[in-house]
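1. mind folding the following:
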Amino acid sequence: AAKDDADTAPAPGAPRRSARRVWAVGLGAALLCAGVVSFYASASPDGLEKVAADKGIDKKTEDHAAKDSPLADYGVKDISDARLSGGLAGVIGVGATLAVGTGVFVVVRRRRADTDAEAG
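-> Numbers count the residues shown, from 1 in each chain. Predicted structure coming up:
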């Protein structure tokens, strides 16, 4: 069943927003936060790390399998400048998240289109 144009039209008097513009602004904000603002985050332990330190649980920790990975400890391996290393790791993380999210979106959209085509 096809949707009527009236169902998808913006409300009268409402400004039309470009999905690409909203997406681009969101991506820019994420990259800015990951690449620049993240440097100013506190280095002090927080959340579970703080509780583990307060209760002595952190004394029992062991190295994990990914300790030598290229993005271990929120930095890029072999880059000595902490600001650059952390910012680049954040930008790479945003890119990876965007790639995975886009892949999931495409798969779900195709499945929905195939289901609608079979039903119609």
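2. now the helix ranked longest in the chain: buried residues?
-> Under DSSP state H, the helix in the chain containing the largest number of residues is helix 82-119. Neighbour counts over helix 82-119 (16 or more other Cβ atoms under 10 Å) mark 85, 86, 87, 88, 89, 90, 91, 94 as buried. C-betas here are computed from N, CA, C, even on glycine.
3. skipping its backbone neighbours, what lies nearest the third one in space?
-> Put plainly, it is residue 87. Spatial nearest neighbour of residue 87, excluding adjacent residues (Cβ to Cβ, 6 or more residues apart in numbering): residue 35 at 4.2 Å.
4. hmm, residue 89 and that neighbour touching each other?
-> No. Contact between residue 35 and residue 89 fails when scored by Cβ atoms under 8 Å: they sit 9.3 Å apart.
5. joint contacts of those two?
-> Jointly contacting residue 35 and residue 89 under the rule Cβ atoms under 8 Å, 6 or more residues apart in numbering is no residue at all.
6. where does pLDDT dip in this protein?
-> For the chain, the stretches with pLDDT under 70 are 1-14, 120.
7. mind checking the SS state of the closest residue to residue 61 other than its chain neighbours?
-> Once its chain neighbours are removed from consideration, residue 61 has its nearest residue in residue 52; the separation is 7.7 Å (Cβ to Cβ, 6+ apart). Look at residue 52: counting by DSSP: H, G, I helix; E, B strand; the rest coil, its state is helix.
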